[in-house]
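Asks: I'd like to go over a predicted model; first the sequence, then the structure.
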Amino acid sequence: MEKYIIKGGTPLVGEVEIGGAKNAALAILAASIMTDETVLIENVPDVRDTNVMMQSMESIGAQIVKLDRHTYKINGSRIHNQVILNEGIKKIRASYYLIGALLGKYRNAEVPLPGGCNLGTRAIDQHIKGFRGLGATVNVRHGSVIAHAENLRGAHIFMDKVSVGATINVIMAAVMAEGRTVIENAAKEPHVVDLANFLNSMGANIKGAGTDVIRINGVPKLHKTEYTIIPDQIEAGTYLMAAAATQGDITVKNVIPKHLECIYAKLSEIGCQVQESDDEVRVVATGKLGNTQVKTLPYPGFPTDMQPQMTVILGMSQGISIVTESIFDNRFKYVDELARMGSDIKVEGNTAIITGVDRYTGAEIAAPDLRAGAALVIGALAAEGESVVTDVRYIQRGYEDFHLKLAKLGGQIELVDVPDENENNYTETSFGKVVS
């Protein structure tokens, strides 16, 4: 079992290069099989979710050639069936993107229901509504979504609620449907725009991505392209939060500052200094930070994926803060782990009432999901003393070289691998050195 061993109390200082956006990459990888020609995709993050997605694509016949750690050639011309049987795909939420891609190209798809982090009920009813609106029959049987259509025809689809996943899926299903599709109340997140730009570079006709009305004119087929995935908004935001938590000074490079405004605006509000340039953002934290109120909202509001990181900071800030989670219904599970470090947070429904404490203290804590896991690591880096963070496999789903990048910023963090049967029987002769 892999764990992070962390010695906290050191401000993080320096620059960090941000990789490709995981959420954009998952959608774009799925869409890459919608042409029989070869596509080249650059800036693919090397994380568990993207690797599982590509393994699943290979399992049905897609040819994937790795040119370097972040660059791939993908050809979908030899896909031999539309049934995903790879067990690994059940572990990631974005498995459902293969439904839209396969249905859009082949008019058939059978994909296991998605897994990923347990953040409460995340129904796929809006996905199904969209597919059916385009003329597909959709059923859920034996743990899989089974979709089929003789023909897909453009339709006017109104999303009952803003859903990133459903917006992406309906876009993919509609790009080669007959006629015109209009998606209203569409999600506006940067990775929705990135997918639309990718598909347009393949010959699709999509307008309005980034607004709440997306218009798609179906085309007969898609063609080859070369495309670079946008930087990861959430990875960048996580390092900016780490600067605030540790009273540090971090510059995130290779970013689109516009995507980060909702994040660094809150950091500025509680007392951080923020500097922005063309492709980088710097956050400096000196002295005690203040309190605020945060409510997660669809883009361009404050992202739900940054809520745990913000809560960790507010737990060490002056006064009482309130964080309201409006996207998912089970996203405060990490609060019990943070309490081991001395936080004072009360959760009432989807609201956390946070009374700031002077400091956290080191403890053994477990990552309950991807973003909360990263937040707990930030808390451990700010804490007094040593912490052990377990279940880091969740964090590795979405952060490439997380501990290495943090160490480069001055964090005392190491990844250690301890056999499960001996996990309570290891000793340390010096920080980060594990011996049997």
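Replies: That came through, no problem.

Asks: Quickly find the element holding Ile79.
Replies: Here Ile79 sits in a region with no helix or strand, counting by DSSP states H and E.

Asks: ok, it touching Ser32?
Replies: No. At 11.3 Å, Ile79 and Ser32 do not qualify as touching, with contact defined as C-beta atoms under 8 Å. C-beta: built from backbone N, CA, C; applies to glycine.

Asks: residue ranges for the helices of the stretch 1-150 of the chain, please.
Replies: With helices called from DSSP state H, counting those that start in this stretch, the stretch 1-150 of the chain shows them at 22-31, 48-59, 97-106, 125-133.

Asks: and Ile322, what helix or strand is that in?
Replies: In this structure, Ile322 sits in strand 320-324 according to DSSP H and E.

Asks: now for that strand, which elements pack on it?
Replies: Using 3 or more C-beta pairs under 8 Å, 6 or more residues apart in numbering; DSSP states H and E as the contact criterion, the secondary-structure elements in contact with strand 320-324 are strand 293-295, helix 307-314, strand 351-355.

Asks: Please enumerate the helices of the stretch 201-350 of the chain.
Replies: Shown for the stretch 201-350 of the chain, the helices assigned by DSSP H, counting those that start in this stretch span residues 233-245, 257-269, 307-314, 335-339.

Asks: Need those in TSV (columns: mean pLDDT).
Replies: Compiled in TSV, these are given as follows (pLDDT from 0 to 100):
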stretch	mean pLDDT
helix 233-245	98
helix 257-269	97
helix 307-314	98
helix 335-339	97
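
Asks: Could you dump these into TSV and include mean neighbour count and distance to Arg132?
Replies: Below are the helices of the stretch 201-350 of the chain laid out as TSV (neighbours: other C-beta atoms under 10 Å; distance: least, C-beta to C-beta, whole Å):
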stretch	mean neighbour count	distance to Arg132
helix 233-245	28	31
helix 257-269	18	33
helix 307-314	28	32
helix 335-339	19	39
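
Asks: between the ones you listed, which one is nearest to Lys408?
Replies: Closest to Lys408 of the helices of the stretch 201-350 of the chain, according to C-beta to C-beta: helix 233-245, at 10.8 Å.

Asks: now that closest one against helix 257-269, angle please.
Replies: Between the direction of helix 233-245 and that of helix 257-269, the angle (axes from the mean of the first three to the mean of the last three C-alpha atoms, to 10 degrees) works out to 20 degrees.

Asks: Determine the angle, from 0 to 180 degrees, between helix 233-245 and helix 307-314.
Replies: Taking the same axes, to 10 degrees, helix 233-245 and helix 307-314 form an angle of 10 degrees between their directions.

Asks: Which other helices and strands does helix 233-245 contact?
Replies: In this structure, helix 233-245 makes packing contacts with helix 22-31, strand 249-253, helix 257-269, strand 280-284, helix 307-314, helix 370-382, judged by 3+ C-beta pairs under 8 Å, 6+ apart.
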